[in-house]
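1. Quick one: sequence plus predicted model below, questions after.
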Amino acid sequence: MLGGTFDPVHLGHLRSAVELHEALGLDRVHMIPAAKPPLRGEPRVTPEERLTLLRLGIGDTPGLVADPRELRRDGPSYSADTLAELRREYGPEARLVMALGHDAFLRLAEWHAPSRLFELAHLVVIDRPDHEAPLPDALAALVAGREVDAVAALMAAPSGGLLRLRLPSRMAISATELRRRLAEGRSVRYLLPEAVEARILDHGLYRQ
């Protein structure tokens, strides 16, 4: 599971999903747009439009799935609820993984029912070079005893582990900067998949 606002989806999101699929040996990566992200502001375009852009971005990429399940639920888009749905679908023995970026990981203790996440899945943190910095106390307590240092160790159980993973292609693309460029009528070529760029421009999305 790789969640996010995908506001809009860009090549950094998609490349990370492909590399997670390969590095962890996953059957598939569910890319799940949040309808109402609890800890972020309201996205600029509707959840349905962000899902459409995500589907265009994924295209026929093997192993990636645009998953609309959070758009079908009322209320905030809690990851614990999403993982519970996936656990029911795949069964108790499946290896489930939730991937998140380092900045999101640092706020994990503020999430809804954070300990429940580990009951339902493993967490994989897409790391950055300064990850050795001390964790906030609440986060350190939450992840104590859970961290492993290899994919094989993580996959030895269906859930409960934490792995920090350095991906080969850390593409420094910011959705915030993309929205700014689109609002100003500046080029976003080579930052988005062509099909995503075309729909955004054809429909005037993210224009002020």
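-> Perfect, thanks for sending it. Please read these numbers as outputs of a predicted model, since none were measured by experiment.
2. what about the helices in this structure?
-> In the chain, the helices defined using DSSP state H lie at 11-24, 47-58, 79-90, 102-106, 114-120, 137-143, 151-154, 175-183, 194-203.
3. which of those helices has the lowest average pLDDT?
-> For those, the weakest mean pLDDT is recorded on helix 102-106, namely a mean of 90.
4. Need the residues that contact that one.
-> With CB atoms under 8 Å, 6 or more residues apart in numbering as the test, helix 102-106 has contacts from 123, 125, 126, 127, 128, 131, 135, 136, 139. To be clear about C-beta, it is placed using only N, CA and C from the backbone, and glycine gets the same treatment.
5. Surely the third one is in contact with residue 97?
-> No: contact status for residue 126 versus residue 97: not in contact, 11.6 Å apart, counting by CB atoms under 8 Å.
6. hey, what's in contact with both of the two?
-> Residues touching both residue 126 and residue 97 by CB under 8 Å, 6+ apart: residue 20.
7. confidence score at residue 39?
-> Residue 39 is assigned 59 on the pLDDT scale.
8. ugh, wrong one, residue 132
-> 67.
9. ok, residue 82 - contacts?
-> 1, 3, 32, 69, 70.
10. nearest to residue 48, of the residues you listed?
-> Among those, residue 70 lies closest to residue 48 (CB to CB), at 11.8 Å.
11. So what's the residue count around the closest one?
-> 22 (other CB atoms under 10 Å).
12. Residue 31 is in contact with that one, correct?
-> No: in this structure, residue 70 is not within contact of residue 31 by CB under 8 Å, at 11.0 Å.
13. okay, and the common contacts of these two?
-> Shared contacts of residue 70 and residue 31, defined by CB under 8 Å, 6+ apart, comprise residue 3.
14. pull the CA atoms of stretch 183-200 into PDB?
-> Taking Å, rounded to 0.1, in the frame of the first residue of the first chain, the C-alpha atoms of stretch 183-200 are listed here in PDB:
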ATOM      1  CA  ALA A 183      -0.900  28.000 -11.500                       C
ATOM      2  CA  GLU A 184       1.600  30.200 -13.100                       C
ATOM      3  CA  GLY A 185       1.300  28.600 -16.500                       C
ATOM      4  CA  ARG A 186       4.900  27.300 -16.500                       C
ATOM      5  CA  SER A 187       6.100  24.100 -18.000                       C
ATOM      6  CA  VAL A 188       5.800  20.800 -16.100                       C
ATOM      7  CA  ARG A 189       7.200  18.700 -18.900                       C
ATOM      8  CA  TYR A 190       9.200  15.600 -17.800                       C
ATOM      9  CA  LEU A 191       7.900  16.000 -14.200                       C
ATOM     10  CA  LEU A 192       4.600  14.200 -14.900                       C
ATOM     11  CA  PRO A 193       3.600  11.300 -17.200                       C
ATOM     12  CA  GLU A 194       2.600  12.700 -20.600                       C
ATOM     13  CA  ALA A 195      -1.000  11.500 -20.200                       C
ATOM     14  CA  VAL A 196      -1.300  13.200 -16.800                       C
ATOM     15  CA  GLU A 197       0.100  16.500 -18.100                       C
ATOM     16  CA  ALA A 198      -2.200  16.400 -21.100                       C
ATOM     17  CA  ARG A 199      -5.400  15.900 -18.900                       C
ATOM     18  CA  ILE A 200      -4.300  18.600 -16.500                       C
END
